[in-house]
Each structure stands twice: as C-alpha cells, then as structure tokens.
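K.L.:
Pasting a predicted model and its sequence here:
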Amino acid sequence: MSLSLLGKCIAAIVGILLIHAGFRVLEQTLPRHFGRVDERYRVRKFVAFSGYIAILLFVSILFEDRLGRLSFALGVAGAGVAVALQDVLASIAGAFSIGFSKLYTVGDRVQIGDTRGDVIDIGLLRTTLMEVGSWVGRDLYSGRIVRIPNNAVLKNSVFNYSQGFRFIWDQIKVVLSITSDAGAARAMLLRVAHEVIGEYLVEAQNSWNAVSDDYRSENPPIEPVVSLAVNAGSLEFTLNYVVDYAKRTTMQDRLFAKIVGEIASSKGQLAWASSGVTVVNQMPPPDPTAGRPATAPPGAFHAGESR
C-alpha cells in the first residue's frame, strides 16, 4: 500500500516474471510423476492455467487501492478493446464452448470446416490438429500441424469421429462384366466382408446400443450390405460395411486383396469389366473427281498440235 505507482509497476513486472518462472518449472517437472500420456497432458494444462490465475490475483492485490479510481477508465478502455479484439474474445468464447459442451477433447478425430485431423492440444485461443488426409490416404497423417482459432467452432460444423459411435460406414465398388454370375458375385462379396470385418460387428452393435440410449435414432444395418446396379453394360456392385474410423484405408486394402483372389480363382464365373476402347478405322469417302480425264490448263498444247 505504501509503494508509489512506479514502484508498484516495477514490483508487478518482477512478480510476474517470478511467478511465470516458478510455474514454468512446475510445468516441466510435475507431469513426469504421471505415467499415462493423457494424465501428463492434463497436469501440464492445469499448471499453466493455475499460473495465469496466480498472476491475475497478484496484480489485483498489488493494485487494489487504485482499481476503484481506474474503474471508469478501464470500462471505457475495455469497450474499445472489445471492439478491436473481437476475434480474440470470440476464440475465448469458443474455448469455453468446447469445454462445457464437450464438442471434442484431446485425442478425438474431428473435422472443423474443411480441416480434418486428430486433436493434440486445446488452448485458450486455438485448437491444434495433426492433419489427416489431404494429398495422402483418407485416414493417414499428412505430417502437417494445423492450428485453428477456437471461434471456428461457433461458425462451422464440427464433425467428431470419436465420441459415442466410433465406427463409420464405408463402401467399395466392384465392377464386373455383364456375363458374370450376379448371384455368385453377391455371395462372394458378403462372404469376404464377413471374413474381413466380422471382428467389428459385435463391437459396433454394442457401441450403437450405447449411443441409442442417449439419442433418438433408428437401428441401422450393422451387417455388410451388397447392392447391384447395371451401368454401361457392366455389373456394378457396392459393398457397404462398418469400420473403425482410423482403419478405412487398411480395411479397403484387405477387402480388395481378397476380392481379387476370389475372382481369379472363380474359373471364369466372375470376370472384371473390360475398360478397353475399340478403335474403328473408316475408309475416307471416294473422291468424286477420281477417274475423270485430266483437263489441260488454258494455253497448254497437246501432242500433234501446232501453234
């Protein structure tokens, strides 16, 4: 209370540096006493948040005698700051929305707007994602770290692959020749799907039952489904199935590997549709002047003529 304004400013700077240094040491050492990665992350975020609270309390106590006189000035300045920093304030509001509404947590795979990836950090202003997809496979990491302002969750749709039902429906298309046995092809695709994806069916059904307890929804078909369409003189089969959201590319590889083997061993009962292009050579139309005697140009002489 006896310090001058200049002394309090100096004390505030020194105190903030000391508090920041102390909590920085705690942030680096305290999480080491926890084994699990998610626990270390939570402890680190808690220590960082506690440091901000400690600095705020220290400054408030230090300038307690002057806050009343500065309240009007702070109110006017706060209105201007709110207009100038509206995006920052919106990001802070987005951070509270993420936390209270549980849009996602660290470790979830989400899509915010057009960006998809795994959440690796949620800050006060930004959410950090490890990007998935882009120029690589649909569930493979691209290697880029993306930082998205938290206010994006207030403006865009947020897709969460991890909460509740962590399975998704995927499909592949198999195009066979029109002479292939459609019944045998359907049976083969269903058999292959059960062999490859059968491990997911019970777990996916239990997961959906848990989701249906919280939401009003119909029971979708968990079993693989095959549909047939005739397209451009070929049989186009579509196989729909459930799969773990992180294993779409792997599961497609396993399915196609078995399907290729089944078609190769079908002894001609099943055959891939041909994509060849037939080229027809057409003779040019006859020349109407062909066969006519050549006409001599004006002034030309024929044999036996005299000038």
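P.N.:
The structure has been received and is ready for your questions.

K.L.:
Counting neighbours, what do you get for residue 103?
P.N.:
20 (other Cβ atoms under 10 Å). From N, CA and C alone the C-beta is placed, and that goes for glycine too.

K.L.:
Then it would be within a helix, right?
P.N.:
No - per DSSP: H, G, I helix; E, B strand; the rest coil, residue 103 lies outside any helix segment and is coil.

K.L.:
need the contact list for it.
P.N.:
97, 110, 153, 158, 160 (Cβ atoms under 8 Å, 6 or more residues apart in numbering).

K.L.:
again, but for residue 19
P.N.:
51, 54, 55, 58 are the contacts of residue 19 under Cβ under 8 Å, 6+ apart.

K.L.:
of all the residues you listed, which comes closest to residue 231?
P.N.:
Distance to residue 231 across the contacts of residue 19 (Cβ to Cβ) is lowest for residue 51, with 62.6 Å.

K.L.:
Need the mean per-residue confidence for stretch 46-55.
P.N.:
Throughout stretch 46-55, pLDDT has a mean value of 79.

K.L.:
Name the residues that touch that stretch?
P.N.:
Outside stretch 46-55, the residues that touch it by Cβ under 8 Å, 6+ apart are 15, 16, 19, 20, 22, 23, 24, 26, 27, 30, 31.

K.L.:
Tell me where this structure is predicted with low confidence.
P.N.:
Counting by pLDDT under 70, the chain shows low-confidence ranges at 1-5, 35-39, 41, 65-86, 211-218, 275-307.

K.L.:
Longest helix in it, please.
P.N.:
Identified as the longest helix of the chain according to DSSP state H is helix 182-214.

K.L.:
ok, residue 134 - how many residues close by?
P.N.:
Residue 134, neighbours per other Cβ under 10 Å, totals 16.

K.L.:
Isn't it up against residue 144?
P.N.:
Yes - applying Cβ atoms under 8 Å as the test, residue 134 and residue 144 come out as touching, 7.4 Å apart.

K.L.:
Please settle this for me: is residue 230 part of a strand?
P.N.:
Yes - per three-state DSSP, residue 230 lies within a strand segment.

K.L.:
Now do the contacts for it.
P.N.:
178, 236.

K.L.:
same deal with residue 102?
P.N.:
Counting by Cβ under 8 Å, 6+ apart, residue 102 has contacts residue 163.

K.L.:
Same check on residue 274?
P.N.:
residue 177.

K.L.:
sorry, back to before: ranking the contacts of residue 19 by neighbours, who comes first?
P.N.:
Result: residue 51 is most packed of the contacts of residue 19 (other Cβ under 10 Å), 19 neighbours.

K.L.:
Can you show me the strands along this protein?
P.N.:
109-112, 115-122, 126-132, 141-149, 158-160, 167-177, 225-231, 234-244 (DSSP state E).

K.L.:
between those strands, which gets nearest to residue 44?
P.N.:
Residue 44 sits nearest to strand 115-122 of all the strands of the chain, at 9.9 Å, using Cβ to Cβ.

K.L.:
And the closest one, what does it pack against?
P.N.:
If you count contacts as 3 or more Cβ pairs under 8 Å, 6 or more residues apart in numbering; DSSP states H and E, strand 115-122 packs onto helix 86-101, strand 109-112, strand 126-132, strand 141-149.

K.L.:
now with 6 Å?
P.N.:
strand 126-132 (3 or more Cβ pairs under 6 Å, 6 or more residues apart in numbering; DSSP states H and E).

K.L.:
just to revisit the earlier point, please, a ChimeraX command that selects the buried ones among the contacts of stretch 46-55?
P.N.:
Paste this into ChimeraX to select the buried members of the contacts of stretch 46-55, with burial taken from 16 or more other Cβ atoms under 10 Å:
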select :15,16,19,23,26,27,31
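
K.L.:
out of the contacts of stretch 46-55, which are inside helices?
P.N.:
15, 16, 19, 20, 22, 23, 24, 26, 27.

K.L.:
What is the burial count for residue 253?
P.N.:
The burial count for residue 253: 13, using other Cβ under 10 Å.
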